[in-house]
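1. From the sequence below, what's the structure:
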Amino acid sequence: MKTVTDTAHCDDLMKALEMFRDQGSLIERWGAELARRLGSGCRLLVAGNGGSAAQAQHLTAELVGRYRDDRAPFSALALHADTSSTTAIANDYGVQEVFARQTAAHGRPGDVLMLLSTSGASANLLAAADRAHGLGMTVWALTGRAPNPLHLAADDALCVDAPVAATVQELHLVAVHMLCESFDQAVERGVADGGTAEGGTADGRGDGRPGVDGRSDSRARGRADGARPDGHGRTAGTRARRGEGDA
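-> Next up is the predicted model:
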């Protein structure tokens with residue numbers, strides 16, 4: 001039996017953290033792009049299940065409140081936090097619709113939907129991603145190991161290479177704090193006042209292409225008309241929806 005002095009958990013975290021360091025440029029790019037969009041009147045919607053829901057609400061609190069230094073508030077909503085809407089939708093439409101329906105209600109073209117999942121296989125998050133793309137929103141994902149359905153469905157994804165869900169969640173929190181720091185730095189530089197992200201294109205992507213860590217991806221996302229490659233609001237070959245209730 002493991003004892004309180006067993007350091008295996010810390011060892012796993014340190015190992016994953018070393019690999020996670022390579023994600024810094026992606027998070028910095030997200031922070032600058034988020035500052036540009038929220039500064040122009042767009043909104044951030046965030047969703048997750050279980051522990052990932054707590055991480056989602058942590059992020060929105062930092063943006064509506066503040067991360068470190070005082071600054072203006074920015075529009076960010078954690079979709080699970082409206083318990084009346086969440087439970088009503090689950091009761092009337094099913095758990096798979098709890099985030100998709102709220103995304104349809106609150107999302108607008110140019111908004112960002114961020115989805116957190118340790119497995120990347122939660123059906124209600126995949127449904128939300130699909131709905132967001134139909135609205136012309138951009139979808140970012142924080143997941144565990146790639147490949148997974150959510151990272152494939154998102155425009156951009158940060159995938160933590162760790163075998164244990166707890167370690168993935170811990171590094172998602174690191175990502176949240178790094179994102180907030182990058183966001184605040186971009187706000188201080190004036191990006192939120194109408195500038196573009198440094199080194200980015202007009203839509204804020206550092207290399208002009210969506211995808212994991214800047215990986216080339218031909219799927220056009222976030223267009224104002226909501227069109228998708230197959231013309232039906234879905235990506236051809238969409239992965240099976242599975243893993244409901246996953247954090």
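2. Now do T87: how many residues are near it, please.
-> Per other C-beta atoms under 10 Å, the neighbour tally for T87 reads 11. The way it works is simple: take the backbone N, C-alpha and C, and place the C-beta from them, glycine included.
3. Name the SS class of it, please.
-> Three-state call for T87 (DSSP: H, G, I helix; E, B strand; the rest coil): helix.
4. how close does it sit to Q102?
-> 12 Å (C-beta to C-beta, to the nearest Å).
5. From the contact counts, what lies against the helix or strand where N124 lies?
-> Secondary structure assigned from DSSP states H and E places N124 in helix 123-134. Other helices and strands packing on helix 123-134, by 3 or more C-beta pairs under 8 Å, 6 or more residues apart in numbering; DSSP states H and E, are strand 44-48, helix 98-106, strand 112-117, strand 138-143, helix 149-153.
6. let's go with 6 Å and repeat that
-> helix 98-106, strand 112-117, helix 149-153 (3 or more C-beta pairs under 6 Å, 6 or more residues apart in numbering; DSSP states H and E).
7. wait, which of the ones you listed is closest to G39?
-> Comparison of the helices and strands packed on helix 123-134 against G39 by C-beta to C-beta identifies strand 112-117 as nearest, at 12.5 Å.
8. Can you give the strand pairings for that closest one, parallel or anti for each?
-> Paired neighbours of strand 112-117 in the sheet (DSSP bridges): strand 44-48 (parallel), strand 138-143 (parallel).
9. and A128, which of those strands is closest to it?
-> strand 44-48 (5.8 Å).
10. Give me the buried positions along whatever helix or strand comes next after the closest one.
-> For strand 44-48, the following helix or strand on the C-terminal side (DSSP H and E) is helix 51-64. Going by neighbour count (16 or more other C-beta atoms under 10 Å), the buried part of helix 51-64 is G51, S52, A53, Q55, A56, Q57, H58, L59, T60, E62, L63.
11. Wait, the third one touches H80, no?
-> Think A53. Yes. Contact status for A53 versus H80: in contact at 4.4 Å, counting by C-beta atoms under 6 Å.
12. Number of residues surrounding A88?
-> That count, for A88 with other C-beta under 10 Å as the rule, works out to 13.
13. Mind listing what's buried along stretch 9-19?
-> Using 16+ other C-beta under 10 Å as the test for burial, stretch 9-19 gives D12, L13, A16.
14. Find the least confident helix or strand in the protein, judged by mean pLDDT.
-> helix 8-20 (a mean of 93; mean pLDDT, DSSP states H and E).
15. For the strand or helix carrying S25, which helices and strands make contact with it?
-> Assessed by DSSP H and E, S25 sits inside helix 24-39. When contacts are defined as 3+ C-beta pairs under 6 Å, 6+ apart, helix 24-39 sits against helix 165-189.
16. which helices and strands sit right next to the helix it packs on?
-> Against helix 165-189 (3+ C-beta pairs under 6 Å, 6+ apart) you get helix 8-20, helix 24-39, helix 51-64.
17. and that helix, what's its mean pLDDT?
-> Across helix 165-189, pLDDT averages out at 97.
18. cool, and stretch 76-90?
-> Mean predicted confidence for stretch 76-90 is 98.
19. Now do the buried residues in that stretch.
-> Buried-residue list, stretch 76-90, by 16+ other C-beta under 10 Å: A76, L77, A78, L79, H80, D82, T86, I89.
20. CA atoms of it as CSV?
-> Extracted in CSV, the C-alpha atoms of stretch 76-90 (Å, rounded to 0.1, in the frame of the first residue of the first chain):
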residue,chain,number,x,y,z
ALA,A,76,-16.1,35.0,-20.0
LEU,A,77,-18.7,32.4,-19.0
ALA,A,78,-18.3,29.0,-17.5
LEU,A,79,-21.3,27.1,-19.0
HIS,A,80,-21.7,24.6,-16.1
ALA,A,81,-22.0,27.4,-13.5
ASP,A,82,-25.6,28.2,-14.5
THR,A,83,-27.1,25.2,-12.6
SER,A,84,-30.7,26.0,-13.4
SER,A,85,-30.1,26.0,-17.2
THR,A,86,-27.7,23.0,-17.0
THR,A,87,-30.2,20.9,-15.1
ALA,A,88,-33.2,22.0,-17.2
ILE,A,89,-31.4,21.2,-20.4
ALA,A,90,-30.2,17.8,-19.1
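21. I am finished for the moment; much appreciated.
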